[in-house]
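A.B. asks: need a 3D model of the sequence below.
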Amino acid sequence: MQSLAANDSLRRRAVAALRAFPLLVAGVAILSPLLTYPFGRDQGVFAAAADILARGGAPYRDFWDVKPPGIFYAYWASFALFGRSTPAPRAFDILWTLATAAVIWSLGRRLAAPWERRRLACIASLCAAFFFLLRYVAGNSFWNTTQADGFASLPLCLAIVALIGAEERKHSRLAIACGACIALAVLFKLTLGVFLLLPVLAALLSPQEPVRRRVGRALCYLLGCAGVLAIAAAALWRAGALGDAVDVLVRWNAQYSRLRPPLPMTSSPLNQTVRFLLGLPHQWLFFVGVLALIGAVDLAIRPESARLRWLLPTWAVVLIASVSAQGKFYTYHWLPVLPPLCLLAAQGLRSLGYLIQGAMPARSARAVSSLGVLVVLALAAGAYWSALNWPLRYLSGGISCSVFTQRYDRYGDFSLLADKQVAAFIRGETSPDDTIFIWGFEPLIYAYADRPPASRFIYTVPLVTDWSPPEWRAELIQDLERKPPRVIAVVHNDILPWMTGRFDDSATQLAGYPELTDFIKRNYQFQRRLEDFDLWRLR
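C.D. replies: Sure thing, here's the model as predicted:
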């Protein structure tokens, strides 16, 4: 009998795997345009950081950036798995996003109302996962994907899974696991630490439970989070990078967080939230936000609508508050909000279905529901094609690589082709062991040139802001004097007030740094002007 039961269990798992395989293929197909995307400026930072890690370096000690360490190791892992190439982090992102979608699907089933039919719950959960994939790939450009904020979505979703189990079963170990998952999200995005309020308050406000047990479980959430962060801090300390990490992530970021970009990016949080819900500037995606609002209203007014019906709206509100607290409203800041948004959208579909079923005869309800599904699919197809027709045409051979690359050449002051040209020049003037230095915010050149930086300051932001310690400037000169870089590039027209609070470019800022100006004039010979770059070679 036990053998029969075991065989039956294996058979069920095999059937489930066979059913899941087409869904996996569909998910990869939906996300495949990511593989065509070049790096933007942020991705250049992460790629350069991954190269330094591969050479034995440590975050903050050997390269400077405002992000927590998780994203650097994600890029390092992608290079280790798929080889050092531009598509490697994109492929890693596809796998990570598919895993996030799978957890969203699981959450949709877990949160379904107990009386809901299993098949309908499964379909609604698949819709949530589909909406997530659609909003991620069609609602974000090459600049806003493969970002730290997007990677944080998976541990946050896993934290919600653990939270549900911890609160329903009153389980301390699951509470610790939930806190640990939140800590993993914090290692990608510091401001997501506010998410810890959600499980702590859920435990403290749990009804019909002794205060001692509620407090104990809340402490378990805190313990799980603190434990993982302590391990990360210990690893940085062992590498001799903890002090540098504190200087960057705590002291420098505390001032940077107060900086607000110029208008129109600083329009009201309400306006920015509405734009996000409507999927702007990708108008075709509006239906996901509309369905999410319907789902939130349904959860608020219909007691039997779902299990833990407070969870999804609270999850979304906490993360929206996190974005608003940052005050910059970069598009990728909204990525952690996508999972609860899409689960709410699936709930909106459910509620509309039940409303239709209760308002008309069965045959008419089926006809209207079918029409509604076709409308949603048409909108989804329109959104996908509108946002991704260039990558899709490139993948199908409809346009050449050069034409496709030119499409992504310019993003504000950033020029992909100029970075590649400068990197090619540097490779021709240097050997693999030579260091280089970029005075500007173009770290992608380090990655394309495959040359190590001469200093941990891989871009100029920490050297030109009013709140940076003057010791950092002295440190840069010491680095350059100790091992002069073979080539120095000085960047023009990279005006970044949302990062520096200044409205002048790096070439202008160099005039206010006499020590560096003198070092360049004494030791380097001007070679040429290439696009926005002045290129100097060691005498």
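
A.B. asks: for the closest residue to residue 345 other than its chain neighbours, list the residues it contacts.
C.D. replies: Distances taken as Cβ to Cβ, 6 or more residues apart in numbering put residue 291 closest to residue 345, at 3.9 Å, once the chain neighbours are dropped. Where C-beta positions appear, they are placed from N, C-alpha and C, glycine not excepted. Residues near residue 291 by Cβ atoms under 8 Å, 6 or more residues apart in numbering: 131, 344-346, 348-349, 352.

A.B. asks: who wins for neighbours among those residues?
C.D. replies: residue 346 (31 neighbours; other Cβ atoms under 10 Å).

A.B. asks: from residue 127, how far out is that residue?
C.D. replies: 5 Å (Cβ to Cβ, to the nearest Å).

A.B. asks: tell me how many other residues surround residue 283.
C.D. replies: Using other Cβ under 10 Å, residue 283 has 12 neighbouring residues.

A.B. asks: mind listing what's buried in stretch 149-160?
C.D. replies: Going by neighbour count (16 or more other Cβ atoms under 10 Å), the buried part of stretch 149-160 is 149-160.

A.B. asks: sorry, back to before: pick the one among the contacts of residue 291 closest to residue 469.
C.D. replies: residue 344 (44.5 Å; Cβ to Cβ).

A.B. asks: that closest one touches residue 296, doesn't it?
C.D. replies: Yes: contact criterion Cβ atoms under 8 Å: residue 344 and residue 296 qualify, at 5.4 Å.

A.B. asks: tabulate the CA atom coordinates of stretch 488-506 in CSV.
C.D. replies: Output of stretch 488-506 as CSV, limited to C-alpha atoms (Å, rounded to 0.1, in the frame of the first residue of the first chain):
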residue,chain,number,x,y,z
ILE,A,488,42.1,59.2,-18.1
ALA,A,489,38.8,60.2,-19.7
VAL,A,490,37.1,63.5,-18.7
VAL,A,491,33.4,63.7,-19.4
HIS,A,492,31.4,66.7,-20.7
ASN,A,493,27.6,67.3,-20.6
ASP,A,494,26.9,64.8,-17.8
ILE,A,495,24.8,67.1,-15.7
LEU,A,496,23.2,65.1,-12.9
PRO,A,497,21.4,67.4,-10.4
TRP,A,498,19.3,64.5,-9.1
MET,A,499,22.5,62.8,-7.9
THR,A,500,24.8,65.7,-7.0
GLY,A,501,22.5,68.7,-6.5
ARG,A,502,24.6,70.6,-9.1
PHE,A,503,23.9,71.8,-12.6
ASP,A,504,27.4,71.7,-14.1
ASP,A,505,29.1,68.8,-15.8
SER,A,506,32.2,66.8,-14.8
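
A.B. asks: returning to what we had before: quick one: common contacting residues for residue 344 and residue 296?
C.D. replies: Joint contacts of residue 344 and residue 296 (Cβ under 8 Å, 6+ apart) are 312-313, 316.

A.B. asks: can you pick the most crowded of the residues you listed?
C.D. replies: In terms of neighbours by other Cβ under 10 Å, the shared contacts of residue 344 and residue 296 top out with residue 312 at 25 neighbours.

A.B. asks: and that residue, helix, strand or coil?
C.D. replies: helix (DSSP: H, G, I helix; E, B strand; the rest coil).

A.B. asks: now tabulate the contacts of residue 291 in JSON lines and tack on distance to residue 230, pLDDT and secondary structure.
C.D. replies: Formatted as JSON lines, the contacts of residue 291 follow (distance: Cβ to Cβ, whole Å; pLDDT from 0 to 100; DSSP: H, G, I helix; E, B strand; the rest coil):
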{"residue": "131", "distance to residue 230": "37", "pLDDT": "95", "secondary structure": "helix"}
{"residue": "344", "distance to residue 230": "34", "pLDDT": "95", "secondary structure": "helix"}
{"residue": "345", "distance to residue 230": "37", "pLDDT": "95", "secondary structure": "helix"}
{"residue": "346", "distance to residue 230": "37", "pLDDT": "93", "secondary structure": "helix"}
{"residue": "348", "distance to residue 230": "41", "pLDDT": "92", "secondary structure": "helix"}
{"residue": "349", "distance to residue 230": "42", "pLDDT": "89", "secondary structure": "helix"}
{"residue": "352", "distance to residue 230": "47", "pLDDT": "87", "secondary structure": "helix"}
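
A.B. asks: for these, work out which two are farthest apart.
C.D. replies: Among these, the pair separated by the greatest distance (Cβ to Cβ) is 131 and 352, at 14.2 Å.

A.B. asks: residue 244 and residue 63 touch, don't they?
C.D. replies: No: counting by Cβ under 8 Å, residue 63 is not a contact partner of residue 244; they are 9.9 Å apart.

A.B. asks: quick one: least confident helix or strand in the protein?
C.D. replies: helix 2-31 (a mean of 69; mean pLDDT, DSSP states H and E).

A.B. asks: following that one, which helix or strand comes up?
C.D. replies: Per DSSP states H and E, the first helix or strand lying C-terminal to helix 2-31 is helix 41-54.

A.B. asks: got the CA coordinates for that next one in PDB?
C.D. replies: Extracted C-alpha coordinates of helix 41-54, given in PDB (Å, rounded to 0.1, in the frame of the first residue of the first chain):
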ATOM      1  CA  ARG A  41      24.400  53.700 -16.700                       C
ATOM      2  CA  ASP A  42      23.300  51.800 -13.500                       C
ATOM      3  CA  GLN A  43      23.900  48.400 -15.100                       C
ATOM      4  CA  GLY A  44      27.400  49.700 -16.000                       C
ATOM      5  CA  VAL A  45      28.000  50.400 -12.300                       C
ATOM      6  CA  PHE A  46      26.900  46.900 -11.300                       C
ATOM      7  CA  ALA A  47      28.900  45.200 -14.100                       C
ATOM      8  CA  ALA A  48      32.000  47.100 -13.200                       C
ATOM      9  CA  ALA A  49      31.500  46.200  -9.500                       C
ATOM     10  CA  ALA A  50      31.000  42.500 -10.500                       C
ATOM     11  CA  ASP A  51      34.300  42.600 -12.300                       C
ATOM     12  CA  ILE A  52      36.100  44.000  -9.200                       C
ATOM     13  CA  LEU A  53      34.500  41.300  -7.100                       C
ATOM     14  CA  ALA A  54      35.700  38.700  -9.600                       C
END
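
A.B. asks: contacts for the helix or strand following that helix next, please.
C.D. replies: Following helix 41-54 in sequence order, the next helix or strand is helix 70-82 (DSSP H and E). By Cβ under 8 Å, 6+ apart, the residues outside helix 70-82 that reach it are 46-47, 49-51, 53-54, 59, 65, 85, 88-89, 91-93, 96, 147-148, 151-152, 184, 187-188.

A.B. asks: re the thing from before, what average pLDDT does the strand or helix carrying the residue nearest to residue 345 get?
C.D. replies: Assessed by DSSP H and E, residue 291 sits inside helix 286-301. Here helix 286-301 scores 92 as its mean pLDDT.

A.B. asks: buried set for it?
C.D. replies: Of all the residues in helix 286-301, those buried under the rule 16+ other Cβ under 10 Å are 287-289, 291-292, 294-299.

A.B. asks: of the residues you listed, which pair is most distant in space?
C.D. replies: Across the buried residues of helix 286-301 (Cβ to Cβ), the longest gap, 18.5 Å, separates 287 and 299.

A.B. asks: compute the inter-axis angle for the lengthiest helix in the chain and helix 286-301.
C.D. replies: Counting residues, the longest helix found in the chain (DSSP state H) is helix 362-395. Between the axis of helix 362-395 and that of helix 286-301 there is an angle of 140 degrees, by axes from the mean of the first three to the mean of the last three Cα atoms, to 10 degrees.
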